[in-house]
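Chemist: Give me a model of this one.
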Amino acid sequence: MFCPKCGKSEQQENTYCRNCGTFLPDFTNEGKRRISPEEHIKSNIVLSAMTVAASLTLAILLMSFFFGKENTSPLIYATVGFLFAMSAWQAQTIWRTLQLKKHFRERQSAAIEENISDKQFETAPTNKLLNESDFSNVVPASVVENTTKNLTEKVAR
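Modeler: Okay, the predicted model is just below:
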């Protein structure tokens, strides 16, 4: 990484520049957004359903092409069995995910009925909760901030 202020190369993210002291944030993490549990549940249901459809389709195609024909490899039968087992496993995953989704909805409705959601977390004046701030011992944000004014020019002899 290059320092945006002085251009020094080979710098580490989330540290200070070794040349000028500018903080170098990690820009790769700032664009990521958080995914809610509901979105995870929805994507798990969709992906599991696609897996069930694909494995059942492949199993049926293999059965239609190879079952009852001469010299069919036992590997074909094992593959069909594996595809059916995989579709059954994904179907039970869909069932459990739907139960989890239903459980989340029931918990949300129960919380709303009990008036837990917003009334419990009312705002209060902060002067009753925190001590007053003491700014007498403040440290600058950067190690080299405002230090160049203390430097003197070295006189050559």
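
Chemist: To what extent is Cys17 buried, counted in neighbours?
Modeler: The number of residues packed near Cys17 is 21, by other C-beta atoms under 10 Å. Bear in mind the C-beta positions are built from the backbone N, C-alpha and C, glycine included.

Chemist: That one against Ser9, yeah?
Modeler: No: the pair Cys17 and Ser9 fails to qualify as a contact (C-beta atoms under 8 Å) at a distance of 10.5 Å.

Chemist: Break down this structure into its helices, ranges please.
Modeler: 37-66, 74-113 (DSSP state H).

Chemist: Can I get those helices in CSV including mean pLDDT and mean neighbour count?
Modeler: What follows is the helices of the chain, written out as CSV (pLDDT from 0 to 100; neighbours: other C-beta atoms under 10 Å):
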stretch, mean pLDDT, mean neighbour count
helix 37-66, 91, 14
helix 74-113, 88, 13
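
Chemist: among the ones you listed, which is nearest Cys3?
Modeler: Proximity to Cys3, assessed across the helices of the chain by C-beta to C-beta, is greatest for helix 37-66 (37.4 Å).

Chemist: now the angle from that closest one to helix 74-113?
Modeler: With axes from the mean of the first three to the mean of the last three C-alpha atoms, to 10 degrees defining the directions, helix 37-66 sits at 160 degrees from helix 74-113.
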